[in-house]
Structure formats: C-alpha cells, structure tokens
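Student: Take a look and give me a structure for this.
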Amino acid sequence: MPVAPDYIRDAAKRALEARANVPPSRKAGTPVGLARANQLANGVNLSENTLRRMRSYLERAKQNYEDARAKGLDLETSKAIQAYYLWGGPRALTWVNSQLD
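Tutor: Now for the predicted structure:
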C-alpha cells in the first residue's frame, strides 16, 4: 500500500496548521477530511479504498478550489482551499490517479 509523497504530506500539514491558526468561522474540514489530512501528514499507508475516496473528493471539489484561487484567496482566507489541501492539495489528484491506474 502506498504512502503519499512528501509534497502531498506537506500540503496536508500546511492545511492543518492553517486551520489551527484561523478563527472557528474560517475552519474547513469535516471529520473525514481531518482524518484524511492526519493520515497524509503522518505518512500512513493508504488502502485502495482510501485512494478511491481521495479521487472522488478531489474531483468533486476541484472547481471550488480553482474558483477560490482565481479570486486570489489562500489557505487562511478560503475554506475551499483549506479543505482541498486537507485532502492533499492540487497535485494529489494526479498522484492518486497514477496509483489507481
């Protein structure tokens, strides 16, 4: 079972740090998203089921992430960006797809 590469682990860590430093009204992430971020940040082996869930989320949330980026927002000013990074960030989808193909 694969472990996420460093750039995905770093994205999840950055999101967790940003989330810890913003007021409650700007904290993103469901319990599942927070669990995923912790798995990624801690270098846990990821099952095929987890990779499929990651792909599903990252595909669904990609447009929200891109829209927020286009507005000039970042991890601390956008819940959409923060949530996307909790799941590994913009480069995670390519990596997940490579693991599932």
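Student: And for Glu59, the neighbour number?
Tutor: Neighbours of Glu59 under the rule other C-beta atoms under 10 Å: 12. In this view, the C-beta of every residue, glycine as well, is placed from N, C-alpha and C.
Student: The helix or strand encompassing it - what's its average pLDDT?
Tutor: Using DSSP states H and E, Glu59 sits within helix 48-70. For helix 48-70, the mean pLDDT works out to 97.
Student: Show me what it packs onto, helices and strands only.
Tutor: helix 31-41, helix 79-86, helix 92-100 (3 or more C-beta pairs under 8 Å, 6 or more residues apart in numbering; DSSP states H and E).
Student: switch to 6 Å and redo it
Tutor: Under the contact definition 3 or more C-beta pairs under 6 Å, 6 or more residues apart in numbering; DSSP states H and E, helix 48-70 sits against helix 79-86, helix 92-100.
Student: Hey, what's the angle from it to helix 31-41? Just curious.
Tutor: Helix 48-70 and helix 31-41 are oriented at 100 degrees to each other (axes from the mean of the first three to the mean of the last three C-alpha atoms, to 10 degrees).
Student: which of the helices and strands packed on helix 48-70 sits most buried?
Tutor: Mean neighbour count (mean count of other C-beta atoms under 10 Å) peaks for helix 79-86 among the helices and strands packed on helix 48-70, with a mean of 25.
Student: what's that helix in contact with?
Tutor: Contact partners of helix 79-86, identified using C-beta atoms under 6 Å, 6 or more residues apart in numbering, comprise 11, 15, 18, 28-29, 33, 37, 61, 64-65, 68, 73, 75.
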